[in-house]
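Engineer: no FASTA, just this:
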């Protein structure tokens, strides 16, 4: 490992420290005792400054190599992950009545989602450690990204997926040559089984929540948002939440860049869940501990009834003075249409949920119309054609003129939905 | 228009010249008389050199603004198109027994295909000319890319699509808010009807073959391949061919960069078609004029029985001393698996056809094992989940150890295909 810059691991609960590589979770606190990588910021400051960043011509997540828990040797062989587009969304600003909206487009990563950033760390650590296979349980995106990057690097991938995962996602896994096991159970059961198999076979464990290194990959999306906004953060960053690892990653990005003196303002984090599976929102609203939630939502990528990384996620919102919000599925479908028709972006439900959350937060006065917001577009809509179909609903009406023209031509039929 | 750098239009048949903007096709030669944009290379040479390119921090197709037929004003508002990854494909090289294979990954463009480059020109020209809507007929990718960029820029898009287009592609159109008309006919009938409607309503015509400006967008993929290969072209560039506009664009890139003194070697172009629809290959093998072909292939993006841009495409292969080759659908499905399992790339059938063509050309001795080849990966596999399913076939077998482990766990079922 790149131990020059990592100092140690620290338990999020008891704050005990451990050497790098020692454990995934705290031996004292158990599975809730997720560990956090602590860096030697004083040394990193010498290598990574505003100026070195500006001059760095590595336009991928690996431009942040000093802040990643992997050796640099194999980065060049990976597919290009990160340094994804950061768009101003003028047309949606007008629609929403919001001063500034930016969209970070993670759908153009190699496997079509933000999860590529975490899977990159998994595959590179597996290589660094000489482990012979990688594995995870996932509702889809984590799995397809792991399968994708493992294929590129020639490493077998063993994937455990709940049966409800959309067909596009499962086919993508198989196309990458992954060994796929569809589990006849919910996310939690799938996770438990993968955990046992991983222990049994000694595979690299890419289950994001318990692996302290993966969030280090995910955080790079936050670094990029800051750099692409000239190191002047917006008032808010909105992202949908399942296990809680992505929002934890964004908080880590804030923490790191603040420590390095690269940003001075702390953006508030808006954690968005679907009403059909909103354990974080319920805990936040009732000021009570997390309870297992049902998983009834079209947003399968965030349908996680028992989040595996609750503490980091809750901290992320608390420490930034952010908020949690839930949105119904119909608002998620509307957000998919809004992203498509106003910005030319094709989002899967879990991704569009972030926009639905921004709209709801504006309505509730949580976000003010004169504030600036980043929405993280986490995954491509093509991954989930069934819900894309739901989102578009009945065919759009043509103008009377076009209809009349079409009627004059026998061989034309205006039936987009048969 | 950016008339500082365009000199005139020239007919590919009679070589007559016309002022920029005058016509789409030659008034003397009719629809076969596709026009070609001729630039003032002497002036462009002053603005665009090896050094200026190296220093240009516009990492999109618009880094080639001096060689594009659009004003620069609105380029900054577009989604990010181009400067897509250029990968060395070590694992496929080993598999194929080929010295050097590179893959240009166009699937990470905003709408998931190379067609974004042409649609960008259409949308920007529509804005430059103050036209109120854009339109095209397309088997899918041209349409979804037009709908995507029109949505981003706030312009209505009218799309005519043959009914056989995969559902993922049609839903993508509707999600972008396009006015979609599914045509109960083949590609040719769809094209004819769109042509009439475009004339009737005065929309901007994004039908690639007859519009001389769109190939100017497509050619940027060639420029990038050269730049990303340090201006030392490979022996071959392989790409699948439908209408013929993409291969014509690559030839234009060769022509322009040669004229500007940026490259010195001419790569041979390998035009790949599906056996189920191979009019170019048949004409090439029989040394006879193009004949209308059936459209029976899974590679819907290149299933074009009557190519609309034959002359430029045939010239492209002839002038580079390249070759035409046809591959059966089963080889295309195999190529989809090869790209996935060896490089972590998810390709639609038309895209994978290029790899199948390289494999076949190696077998036939057209490409030599010691040569270097670029494969253009034109479109994302997620656009066509039905054929992705066909490609993956029956579920992969798990190891006996994993099977034994799974059998110990009741709630697990190894049934990826139910």
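Structural biologist: That came through, no problem. What you are looking at is a predicted structure, and each value in this text was computed from that prediction instead of being measured.

Engineer: show me which residues of the stretch 101-250 of chain A are close to chain B?
Structural biologist: A:105, A:108-112, A:147-154, A:158, A:167-168, A:170-172, A:174-185, A:189, A:193, A:196-197, A:200-201 (CB under 8 Å from any CB of the partner chain). All C-beta atoms are positioned from the backbone trio N, CA, C, and that covers glycine.

Engineer: just the buried residues from these, in PyMOL please.
Structural biologist: Here is the PyMOL command that selects the buried residues among these (16 or more other CB atoms under 10 Å in any protein chain shown):
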select buried, chain A and resi 105+108+109+110+111+112+147+148+149+150+151+152+153+154+158+167+168+170+171+172+174+175+176+177+178+179+180+181+182+183+185+189+193+197
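
Engineer: so which of the residues of the stretch 101-250 of chain A next to chain B are in strands?
Structural biologist: Judged by DSSP state E, these include A:105, A:158, A:179-183 as members of strands.

Engineer: can I get these in a markdown table with pLDDT?
Structural biologist: Below are those laid out as a markdown table (pLDDT from 0 to 100):
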| residue | pLDDT |
| --- | --- |
| A:105 | 98 |
| A:158 | 95 |
| A:179 | 91 |
| A:180 | 89 |
| A:181 | 87 |
| A:182 | 83 |
| A:183 | 82 |
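
Engineer: nearest to residue B:217, of those residues?
Structural biologist: Comparing those against residue B:217 with CB to CB places residue A:105 closest, at 20.4 Å.

Engineer: residue contacts, the closest residue in space to the closest one that isn't next to it in sequence?
Structural biologist: Nearest non-adjacent residue to residue A:105, counting by CB to CB, 6 or more residues apart in numbering or on different chains: residue A:85, 4.6 Å away. Contacts of residue A:85 were listed using CB atoms under 8 Å, 6 or more residues apart in numbering or on different chains, and they are A:104-105, A:108, B:79-80.

Engineer: which one of those residues is nearest residue A:240?
Structural biologist: The closest of those to residue A:240 turns out to be residue A:104 (CB to CB; 12.8 Å).

Engineer: so chain A: which segments form each domain?
Structural biologist: A:1-39, A:86-112+A:214-392 (automatic domain parsing).

Engineer: over to the last one now: how far is its first residue from its last?
Structural biologist: In other words, domain A:86-112+A:214-392. In domain A:86-112+A:214-392, first residue to last residue: 25 Å (CA to CA, to the nearest Å).

Engineer: also stretch A:9-21?
Structural biologist: End-to-end distance for stretch A:9-21, by CA to CA: 8 Å.

Engineer: quick one: the strands in chain A?
Structural biologist: Using DSSP E, strands in chain A cover A:6-11, A:17-18, A:35-39, A:86-88, A:100-105, A:134-137, A:157-162, A:179-183, A:204-205, A:236-240, A:268-274, A:323-327, A:372-377.

Engineer: buried residues in the lowest-mean-pLDDT helix or strand in chain A, which are they?
Structural biologist: One helix or strand of chain A scores below all others by mean pLDDT, DSSP states H and E: helix A:400-407, with a mean of 76. For helix A:400-407, a neighbour-count test (16+ other CB under 10 Å) marks A:402, A:405-406 as buried.

Engineer: same check, this time on stretch A:85-105
Structural biologist: For stretch A:85-105, the neighbour count (16+ other CB under 10 Å) marks A:85-87, A:89, A:91-93, A:96, A:98, A:100-105 as buried.

Engineer: tell me which of these is nearest to residue B:133?
Structural biologist: Relative to residue B:133, the closest of those is residue A:91; by CB to CB it sits at 16.7 Å.

Engineer: the closest one against residue A:339, yeah?
Structural biologist: No - with contact defined as CB atoms under 8 Å, residue A:91 does not reach residue A:339; the gap is 10.3 Å.

Engineer: please compute how far stretch A:374-394 lies from its chain's middle.
Structural biologist: Put simply, stretch A:374-394 sits 15 Å off its chain's centre (CA atoms, centre = their mean, to the nearest Å).

Engineer: tell me where the stretch 151-300 of chain A has helices.
Structural biologist: Counting by DSSP state H, counting those that start in this stretch, the stretch 151-300 of chain A has helices at residues A:167-175, A:187-201, A:214-218, A:220-228, A:245-259, A:279-286.

Engineer: so what does the shortest one touch, helix or strand wise?
Structural biologist: It stands for helix A:214-218. On a contact count with 3 or more CB pairs under 8 Å, 6 or more residues apart in numbering or on different chains; DSSP states H and E, helix A:214-218 meets helix A:116-129, helix A:245-259.

Engineer: which stretch among those comes nearest residue B:41?
Structural biologist: Among the helices and strands packed on helix A:214-218, helix A:116-129 comes nearest to residue B:41, with 40.5 Å by CB to CB.

Engineer: which of the strands of chain A has the lowest average pLDDT?
Structural biologist: Lowest mean pLDDT of the strands of chain A: strand A:179-183, a mean of 86.

Engineer: what's the angle between that one and helix A:167-175?
Structural biologist: Per axes from the mean of the first three to the mean of the last three CA atoms, to 10 degrees, the angle that strand A:179-183 makes with helix A:167-175 is 150 degrees.

Engineer: angle of strand A:179-183 against helix B:400-407?
Structural biologist: Using the same axes, to 10 degrees, one finds that strand A:179-183 and helix B:400-407 are set 10 degrees apart in direction.

Engineer: elements contacting strand A:179-183?
Structural biologist: Helices and strands touching strand A:179-183, as assessed by 3+ CB pairs under 8 Å, 6+ apart, comprise strand A:157-162, helix A:167-175, helix A:187-201, helix B:400-407.
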